[in-house]
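S.K.: any chance you can model this:
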Amino acid sequence: MPHGTGIATYGLMLARTLHAMEHRVDGIFGLDISGPVDQRETLFYDRLARPSERRSRRKGLGRLLSTFGAARGLEMHQVPSGTVDTRALAGLLADFDTLWSSGHLFERAHAYFRATGRFARLRMPNPPDIMHWTYPIPVVLEGARNVYTLHDLVPLRLPFATLDEKRVYRSLIDGCALHADAICTVSEASRNDILDLLAIDPDKVVNTYQVSPMESEILDEDPDESARKIDAIFGLPKNGYFLYFGAIEPKKNLGRLIEAYLSLGTETPLVIVAARSWQSEAELVLLPRADDMASPRHAHLERRIIQIDYLPRHLLMRLLRGARALAFPSLYEGFGLPVHEAMLLGVPVLSAKTGSLPEVVGDAGVLVDPYDIAAISAGLRRLDEDPALRARLSDRGMIQASRFSSDRYQSALSALYRKALSMPL
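M.R.: Coordinates of the predicted model:
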């Protein structure tokens, strides 16, 4: 996805880590590249760049055609290389050794699953030892051990916070548990949920945690230089603002964060980097729409809350590095990359006591009840008014973040794949 997601970041870092472990890594996509072989690479990157157009085609696929096609099994085409200059995609797409694509693979597989309750069978020449699906998908690659990552079970834990059809979702993850040679997850909180809610052998469920894609140019840059760039671009001084970044959706709890922040009466602005999405109106009810900001009654909000739809990662990470604190009281996270990235950069964190966040943050942040607006407000006030606390949390955060290192991730992935390879084909 052009603007990235947590799942996209997960896939990027998984492939990058496996390459560091000297594995060959191929990527499977669901883009329609049918046609002459010499045009496939151009078609692949053209389709990749237009996700909204891909979504608009889904209804036109036809459930009947999708079902019958998946019932016969799904074939893939190899994407040639050498025609397209891909340098503009650095950091947005993993560096795969070979790209494969099967037209509308995931839409067809889901249609087949809804109609039959069965996983589609995918075929490719010389399949790899491991097929690691980075999300619960109703597909099995023939000839490989299949590993599925279940990042969390939020649709079951917070059913009001997602758009998934809950019966279908439950059947899907039950199917993943049945077909998987191993289940990967990203925190002990998520692993416990999987074992509590699914009928699965505990030995098949491996927690690998995650790593963050923190670029060396950010880590190595002088913090004052990062701050100078952010001040020049946004007019925001170093340590002079709170920051939230992520999606605007119910589980992120942005509505309570905004109410808690506004109740402080602080002059420290809150910067929100997030695009409006599902149920964002309810989360942003205290904020006026852009066409209403000129009203005198909203003038104070323009100074206190700064909204940015999207930033490229190099600017977002510099903005994070200069923040007084990251405000991230999410209701539930499978891992919580934003808090890990903040701690890597020495930024104090306000986070929640729920889901995986306590095990990721440890004692390196201010943890609050995410349902308690007064508690969120009190936590923000502590971070706003106590520079000594911020300094302590900055030091602790970098130590805590180092526990989720690349070496640890590699070891965990090795254990995961050994588990999967021990299963018979």
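S.K.: now do the strands in the stretch 301-425 of the chain.
M.R.: 305-308, 325-328, 349-352, 366-368 (DSSP state E, counting those that start in this stretch).
S.K.: can you give me how far the last one is from the chain middle?
M.R.: In other words, strand 366-368. 22 Å (C-alpha atoms, centre = their mean, to the nearest Å).
S.K.: next up, phi/psi of the residue lying closest to Thr149 once chain neighbours are set aside, please.
M.R.: The shortest distance from Thr149 to any non-neighbouring residue, by C-beta to C-beta, 6 or more residues apart in numbering, is to Cys184 (4.4 Å). Where C-beta positions appear, they are placed from N, C-alpha and C, glycine not excepted. Phi and psi for Cys184, reported as degrees, to the nearest 10, are phi -100, psi 140.
S.K.: mean pLDDT lowest where, among the strands of the stretch 301-425 of the chain?
M.R.: Mean pLDDT is lowest for strand 305-308 among those, at a mean of 92.
S.K.: tell me which residues are up against that strand.
M.R.: With contact meaning C-beta atoms under 8 Å, 6 or more residues apart in numbering, strand 305-308 is reached by 234, 236, 241, 258, 261-262, 269-274, 287.
S.K.: what pairs with it, and is each one parallel or antiparallel?
M.R.: Using DSSP bridges, the strands paired with strand 305-308 in its sheet are strand 270-273 (parallel).
S.K.: quick check: mean pLDDT of the partner strand?
M.R.: Here the average pLDDT along strand 270-273 is 96.
S.K.: tell me the gap between that strand and the middle of its chain.
M.R.: 19 Å.
S.K.: CA atoms only: put that strand into CSV for me.
M.R.: Extracted in CSV, the C-alpha atoms of strand 270-273 (Å, rounded to 0.1, in the frame of the first residue of the first chain):
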residue,chain,number,x,y,z
LEU,A,270,-1.0,17.7,19.9
VAL,A,271,0.1,16.6,16.4
ILE,A,272,-2.0,13.9,14.8
VAL,A,273,-0.6,12.1,11.8
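S.K.: strands of the stretch 51-200 of the chain, residue ranges please.
M.R.: 74-75, 77-79, 98-101, 120-123, 130-133, 139-141, 145-149, 182-185.
S.K.: same list, these, but as TSV with distance to Ser171 and mean pLDDT please.
M.R.: TSV is the format used below for these (distance: least, C-beta to C-beta, whole Å; pLDDT from 0 to 100):
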stretch	distance to Ser171	mean pLDDT
strand 74-75	20	86
strand 77-79	30	94
strand 98-101	27	96
strand 120-123	14	94
strand 130-133	16	98
strand 139-141	14	97
strand 145-149	14	98
strand 182-185	16	98
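S.K.: so which of those gets nearest Ala375?
M.R.: strand 182-185 (28.3 Å; C-beta to C-beta).
S.K.: other SSEs contacting that closest one?
M.R.: Contacts defined by 3 or more C-beta pairs under 8 Å, 6 or more residues apart in numbering; DSSP states H and E place strand 182-185 against strand 145-149, helix 188-197, strand 205-207, helix 406-421.
S.K.: how about a cut-off of 10 Å?
M.R.: strand 130-133, strand 145-149, helix 166-179, helix 188-197, strand 205-207, helix 406-421 (3 or more C-beta pairs under 10 Å, 6 or more residues apart in numbering; DSSP states H and E).
S.K.: and the longest one, what other elements does it pack with?
M.R.: Contact partners of helix 406-421 among helices and strands, from 3+ C-beta pairs under 10 Å, 6+ apart: helix 6-20, strand 130-133, strand 145-149, strand 182-185, strand 205-207.
S.K.: kindly report the same for the second one.
M.R.: Contacts of strand 145-149 with other secondary structure elements, assessed using 3+ C-beta pairs under 10 Å, 6+ apart, are made with helix 6-20, strand 130-133, strand 139-141, helix 166-179, strand 182-185, helix 406-421.
S.K.: that strand: partners in the sheet, and parallel or antiparallel?
M.R.: In its sheet, and by DSSP bridges, strand 145-149 pairs with strand 130-133 (parallel), strand 182-185 (parallel).
S.K.: okay, the helices and strands packed on strand 182-185 in a markdown table with mean neighbour count and distance to Asp222 next?
M.R.: Shown next, in a markdown table, are those (neighbours: other C-beta atoms under 10 Å; distance: least, C-beta to C-beta, whole Å):
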| stretch | mean neighbour count | distance to Asp222 |
| --- | --- | --- |
| strand 130-133 | 22 | 38 |
| strand 145-149 | 23 | 37 |
| helix 166-179 | 16 | 46 |
| helix 188-197 | 18 | 36 |
| strand 205-207 | 21 | 36 |
| helix 406-421 | 16 | 24 |
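S.K.: next, format the ones you listed as CSV and append distance to Val79.
M.R.: Converted to CSV, the helices and strands packed on strand 182-185 look like this (distance: least, C-beta to C-beta, whole Å):
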stretch, distance to Val79
strand 130-133, 17
strand 145-149, 22
helix 166-179, 26
helix 188-197, 33
strand 205-207, 30
helix 406-421, 25
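S.K.: now for the ones you listed, which one comes closest to Arg381?
M.R.: Of the helices and strands packed on strand 182-185, the one closest to Arg381 (C-beta to C-beta) turns out to be helix 188-197, at 27.6 Å.
S.K.: can you list the residues that contact the closest one?
M.R.: Residues from elsewhere that reach helix 188-197 (C-beta atoms under 10 Å, 6 or more residues apart in numbering): 149-154, 156-157, 170, 173-174, 176-177, 183-185, 187, 200-202, 204-207, 209, 332-336, 354-360.
S.K.: give me that answer again for 8 Å
M.R.: 150-153, 156-157, 177, 183, 185, 200, 202, 205, 207, 334-335, 355-356, 359.
S.K.: same question for stretch 14-24.
M.R.: So stretch 14-24 is contacted by 25, 27, 94-97, 128, 132, 134, 211, 213, 406, 409-410, 413-414 (C-beta under 8 Å, 6+ apart).
S.K.: buried residues of that stretch, list them for me.
M.R.: Buried residues in stretch 14-24, defined by neighbour count with 16 or more other C-beta atoms under 10 Å: Leu14, Ala15, Thr17, Leu18.
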